[in-house]
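Chemist: what shape does this take:
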Amino acid sequence: MQNITIKDDFIKLGQALKLAGLVSSGIEAKVVVQNGEVKVNGGTDTRRGRKLYVGDIFEYNGSQVTVSKA
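Modeler: Alright, predicted model coming up:
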């Protein structure tokens, strides 16, 4: 499992996908999220602006990523 580290209280799902290197652009993030290809804490989420907090886990394309605090 991969980790990303945030300095703020939350990170938006689209930004988290880019930070983790799972997508190459914001547009790609928008498409995969809207297509229902991303899971947050085990459930499908189609909101690119979904806020992720420390301890949240998101999945895309077989990769799991945990959000942790800097």
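Chemist: which helix in this structure runs the most residues?
Modeler: Assignment by DSSP state H gives helix 26-34 as the longest helix of the chain.
Chemist: quick one: the helices in this structure?
Modeler: 13-19, 26-34.
Chemist: which strands and helices sit next to the longest helix of the chain?
Modeler: helix 13-19 (3 or more C-beta pairs under 8 Å, 6 or more residues apart in numbering; DSSP states H and E). Every C-beta, even on glycine, is put in place using the N, C-alpha and C of the backbone.
Chemist: which other residues reach the helix it packs on?
Modeler: Residues from elsewhere that reach helix 13-19 (C-beta atoms under 8 Å, 6 or more residues apart in numbering): 4, 11, 23-26, 29-30, 32-33, 38, 40, 45, 47-52, 58, 60, 65, 67.
Chemist: show me which of those residues are buried.
Modeler: Buried by 16 or more other C-beta atoms under 10 Å: 4, 11, 23, 29-30, 32-33, 38, 40, 48, 50, 52, 58, 60, 65, 67, out of those.
Chemist: what about those residues, which are in strands?
Modeler: Ile4, Ile11, Val38, Val40, Leu52, Phe58, Tyr60, Val65, Val67 (DSSP state E).
Chemist: ok, the first one to Ala20 distance?
Modeler: Look at Ile4 and Ala20: by C-beta to C-beta, to the nearest Å, they are 5 Å apart.
Chemist: export stretch 62-69 to PDB, keeping only CA atoms.
Modeler: Provided in PDB are the C-alpha atoms of stretch 62-69 (Å, rounded to 0.1, in the frame of the first residue of the first chain):
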ATOM      1  CA  GLY A  62      -5.400  -1.800  -8.400                       C
ATOM      2  CA  SER A  63      -3.500   0.600  -6.200                       C
ATOM      3  CA  GLN A  64      -4.400   1.500  -2.600                       C
ATOM      4  CA  VAL A  65      -3.300   4.800  -1.100                       C
ATOM      5  CA  THR A  66      -3.600   5.900   2.500                       C
ATOM      6  CA  VAL A  67      -3.700   9.600   3.400                       C
ATOM      7  CA  SER A  68      -1.300  10.600   6.300                       C
ATOM      8  CA  LYS A  69      -0.300  13.800   8.000                       C
END
